[in-house]
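K.L.:
below: sequence and its predicted model.
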Amino acid sequence: MFANFEVIPAIDLQGGQVVQLVGGEHGSETEYGDPVTAARRWVEAGATTLHVVDLDGAFEGERGNAEAVSRVIDAIDVSVQLGGGIRSAEAATSLLDRGVDRVVLGTAAIEKPEIVAEVAEKYPESVVVSLDAKAGEVVVAGWTEGTGLDPAEAARKYEKRGASAILFTDVDTEGRLEGVETAPIERVAESVSIPVIASGGVTTLADVRALREAGADAVVIGSALYEGRFTLEDAIETVEVDETDESGL
């Protein structure tokens, strides 16, 4: 899925606009405008994947930004992984039929684990299971309900069911621009052989490096890019330099 470590910009949608939440809390959002404008900006800056989330769908259980998502898909020619409000195998496969490259299943995968295998059977390598954690516990329904699940144990479970990757979001650091915690991502990465995508808390280029060193295969970045803490070009260059140094070339 990821030949090299990948930096993935986030496009979180609420009411048709790009937003970023703090700690996943409703009402904490900052708006950043039109999603197509954002998508084109990130692609021009070098993004090869976009992470799109329908926040209204995540909170309400029904996709509320379908039109905005379609506009993004039609506007760009890079991979799109989409999550938020995808609650059935039928909904997931219809999105993959529509042109989404990967669907991100969170609440649906927790409530109906069999959905992962069902979608993966038709679309191998296209199911990402989202494990969002608060205080070490997987949470669902827009980060509002605890499940009692340990993220590393859950990751192993979904790998066996056919997940092609795990998206691990540290909700405790999400949107706060206060840095990352590497121990949780390290535990999840060590528990599976499939790619692990890290999300939450990235504030500096050093955070990007730290997550890569902790075992992540990619990182989703939102607030730090929108707030100009660093550029996407700088993040991509940082990773490329690190990989070149490691290869000795």
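P.N.:
In hand now; what should we look at? Numbers count the residues shown, from 1 in each chain.
K.L.:
what's next to the worst-scoring helix or strand of the chain on mean pLDDT, contact-wise?
P.N.:
Ranked by mean pLDDT, DSSP states H and E, the weakest helix or strand in the chain is helix 55-60, scoring a mean of 85. Contacts to helix 55-60, defined as C-beta atoms under 8 Å, 6 or more residues apart in numbering, come from residues 12-15, 19, 21, 26, 63-65, 83-86, 106-107, 141-144. C-beta here means a position set from N, CA and C on the backbone, and glycine is covered the same way.
K.L.:
let's see the pLDDT reported for residue 24.
P.N.:
On the pLDDT scale, residue 24 is placed at 64.
K.L.:
please pick the buried ones from the contacts of helix 55-60.
P.N.:
Burial by neighbour count, 16 or more other C-beta atoms under 10 Å: within the contacts of helix 55-60 this picks out 12-14, 19, 21, 63-65, 83-86, 106-107, 141-143.
K.L.:
which SSE is residue 233 in?
P.N.:
helix 232-247 (DSSP states H and E).
K.L.:
so what touches that helix?
P.N.:
Here helix 232-247 has contacts from 4-5, 7, 9, 42, 45-47, 205, 208-209, 212, 221, 225, using C-beta under 8 Å, 6+ apart.
K.L.:
which one of the residues you listed sits closest to residue 124?
P.N.:
Nearest to residue 124 out of the contacts of helix 232-247 is residue 4 (C-beta to C-beta; 21.4 Å).
K.L.:
run a quick neighbour tally on that closest one.
P.N.:
9 (other C-beta atoms under 10 Å).
K.L.:
if you skip the residues just before and after it, what's nearest to it?
P.N.:
residue 243 (6.1 Å; C-beta to C-beta, 6 or more residues apart in numbering).
K.L.:
check contacts around residue 172.
P.N.:
So residue 172 contacts 23, 133, 134, 135, 181, 200 (C-beta under 8 Å, 6+ apart).
K.L.:
a markdown table for those residues, including secondary structure and distance to residue 96?
P.N.:
Supplementary listing: those in a markdown table, determined by DSSP: H, G, I helix; E, B strand; the rest coil; distance: C-beta to C-beta, whole Å:
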| residue | secondary structure | distance to residue 96 |
| --- | --- | --- |
| 23 | coil | 31 |
| 133 | strand | 26 |
| 134 | strand | 29 |
| 135 | coil | 33 |
| 181 | coil | 32 |
| 200 | coil | 26 |
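K.L.:
separate out the buried members of those.
P.N.:
Buried members of the contacts of residue 172, counted by 16+ other C-beta under 10 Å: 133, 134, 181, 200.
K.L.:
okay, these in JSON lines with distance to residue 247 and pLDDT next?
P.N.:
Converted to JSON lines, those look like this (distance: C-beta to C-beta, whole Å; pLDDT from 0 to 100):
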{"residue": "133", "distance to residue 247": "33", "pLDDT": "92"}
{"residue": "134", "distance to residue 247": "38", "pLDDT": "90"}
{"residue": "181", "distance to residue 247": "28", "pLDDT": "93"}
{"residue": "200", "distance to residue 247": "29", "pLDDT": "89"}
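K.L.:
wasn't residue 103 part of a helix?
P.N.:
No: counting by DSSP: H, G, I helix; E, B strand; the rest coil, residue 103 is located in no helix; its state is strand.
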